[in-house]
Structure formats: structure tokens, C-alpha cells
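*Asks:* structure for this input, please:
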Amino acid sequence: MNMTVVWIACLIVPLGFGLWAQMRVKRTFERYSQVAVRNGMTGAQAAAAVVRASGLPDVEIRHVEGRLSDHYDPRNRTLNLSADVGQAASVAALGVAAHEAGHAIQDARGYRPMRVRQAFVPVAGIGSNLAFPIIFIGFLTSSLGLVNVGLALFTAIVLFQLITLPVEFDASKRALVALSDGRLLQADELEGAKKVLDAAALTYVAAFVASLAQLLYFFLASRR
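*Replies:* As a prediction, the model looks like this:
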């Protein structure tokens, strides 16, 4: 097998896909960050409304530094929103804020894929720290055993990213339903929020594809 072709297919193509996905989410977010919502509600206010309508009184909304660093932390049940989302009254802000509120709803409802994903966090963390060094040392010392250990750890990363996909897709679905049912966005605004969330979802798909392709490349290279 021509490893140059494998290298291009498994590393360069997924890298290009990932860069394209990142640029798309950035452009889409910036575009709809310029579209003000008619009700004047900020992302934090929208997230609070979604959480309240779902009957989750113990979820705290906090400010977090950074750009597009928004996330839900199930350990302390907090919605952490950046200034571009929490303090902004834009279509993009409400879409992202409602998405994070969707994760809080998943947590409260015991959404199984989210539970499985949380269980994988420690294993994926170990894989992220050790997989590449072990694989590299294995190739350097021509030790197939070490390479296999590294591949097993890398597989944990791939599985974690695979499990992340339904969690993220479902959170976006819950967000759009909540924004619509709560009349937080009008129909044309809702379409803009959907475009933002769809673009963000592509980044998770790209991350999974890249990791899977890297795993395949290292496996094939180790079997030559």
C-alpha cells in the first residue's frame, strides 16, 4: 500500500475538513452576531428562560472568559457563557446559549448518551495525554506492543468523540424547540440560530473524522 496516499487521505484531507469547519462556524457566528433579536433578550436571559421553562431551578448561569468558550459543566450544574453569548442580544448568542441550556436539560433528564460520555471523560483524558507519546516511542523502538497500547488509548479518544456527536446534536435540537416553544425567537430568527448550531455541529464531526483517520493511519503504518 502506498503510504503517501494513505497519509494524504488520513491526515491532510481530514485536516482540511477541520479547518474549513472552523472557518465556517466562525463566519456563521460572526454573521448572526450582527443580527439583533427583536425582543432585546441577551443570551444569558434566554438561557435562564429555557432552564426555567424546563423546571431546572438549581442551574446557575456564570460568565466565562474567552471567545466561544461556552459550555455546561455537569459537575456543578453551571451554564458558563462568554461575553459574546451571555451579554449579547443577537440571534447567534441566543442560539448558542439555548444549546448550552439543552445540555443542562440532558443532564437533568438523565440523557443516556450524555451519561456515557461523562463516564468516558477520564479514559479519554488519559488517552489524550499518553497515546501519541506511546505510539511515537513504539515506532522509534520498533515495538509493536507499545504501538498497540498507544492505539488502544487513541481508540478511547475516537470513541469519546463518537459519543459526543449525538449529545451535541440533541442539545441543538432541544435548543431550537425551546426557542420556538418559548417564543424567544421569531421564525426568521430561528432559521439563523439553526445555521449557527449546524455550523458548530460540523466542528464535532470534523474532530471525529480527523481522529478516526489518524487512528487508521497509525494502525496501517504499524502493520507495514
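*Asks:* what packs against the longest helix along the chain?
*Replies:* Longest helix in the chain by number of residues (criterion: DSSP state H): helix 144-181. The contact analysis (3 or more Cβ pairs under 8 Å, 6 or more residues apart in numbering; DSSP states H and E) places helix 144-181 against helix 43-53, helix 91-109, helix 112-140, helix 187-222. The way it works is simple: take the backbone N, C-alpha and C, and place the C-beta from them, glycine included.
*Asks:* export those helices to TSV and append columns for mean pLDDT.
*Replies:* Rendered in TSV, the data for these read as follows (pLDDT from 0 to 100):
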stretch	mean pLDDT
helix 43-53	96
helix 91-109	96
helix 112-140	93
helix 187-222	94
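*Asks:* can I get the ones you listed in JSON lines including distance to Gln22 and mean neighbour count?
*Replies:* Formatted as JSON lines, the helices and strands packed on helix 144-181 follow (distance: least, Cβ to Cβ, whole Å; neighbours: other Cβ atoms under 10 Å):
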{"stretch": "helix 43-53", "distance to Gln22": "21", "mean neighbour count": "23"}
{"stretch": "helix 91-109", "distance to Gln22": "15", "mean neighbour count": "26"}
{"stretch": "helix 112-140", "distance to Gln22": "19", "mean neighbour count": "16"}
{"stretch": "helix 187-222", "distance to Gln22": "6", "mean neighbour count": "18"}
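*Asks:* Val64: which of these is closest?
*Replies:* helix 91-109 (10.5 Å; Cβ to Cβ).
*Asks:* just the angle between that closest one and helix 112-140, please?
*Replies:* For helix 91-109 against helix 112-140, the angle by axes from the mean of the first three to the mean of the last three Cα atoms, to 10 degrees is 100 degrees.
*Asks:* CA atoms of helix 91-109 as CSV?
*Replies:* C-alpha atoms of helix 91-109 as CSV (Å, rounded to 0.1, in the frame of the first residue of the first chain):
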residue,chain,number,x,y,z
VAL,A,91,-29.5,35.6,17.0
ALA,A,92,-26.1,33.8,17.3
ALA,A,93,-26.0,34.5,21.1
LEU,A,94,-29.4,33.1,21.8
GLY,A,95,-28.8,30.0,19.7
VAL,A,96,-25.5,29.1,21.5
ALA,A,97,-27.0,29.9,24.9
ALA,A,98,-30.0,27.8,24.3
HIS,A,99,-27.7,25.0,23.1
GLU,A,100,-25.8,25.0,26.4
ALA,A,101,-29.1,25.1,28.2
GLY,A,102,-30.0,22.0,26.2
HIS,A,103,-27.1,20.2,27.9
ALA,A,104,-28.4,21.2,31.3
ILE,A,105,-31.8,19.6,30.3
GLN,A,106,-30.0,16.5,29.1
ASP,A,107,-28.2,16.2,32.5
ALA,A,108,-31.4,16.7,34.4
ARG,A,109,-33.4,14.2,32.3
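*Asks:* alright, calling it a day.
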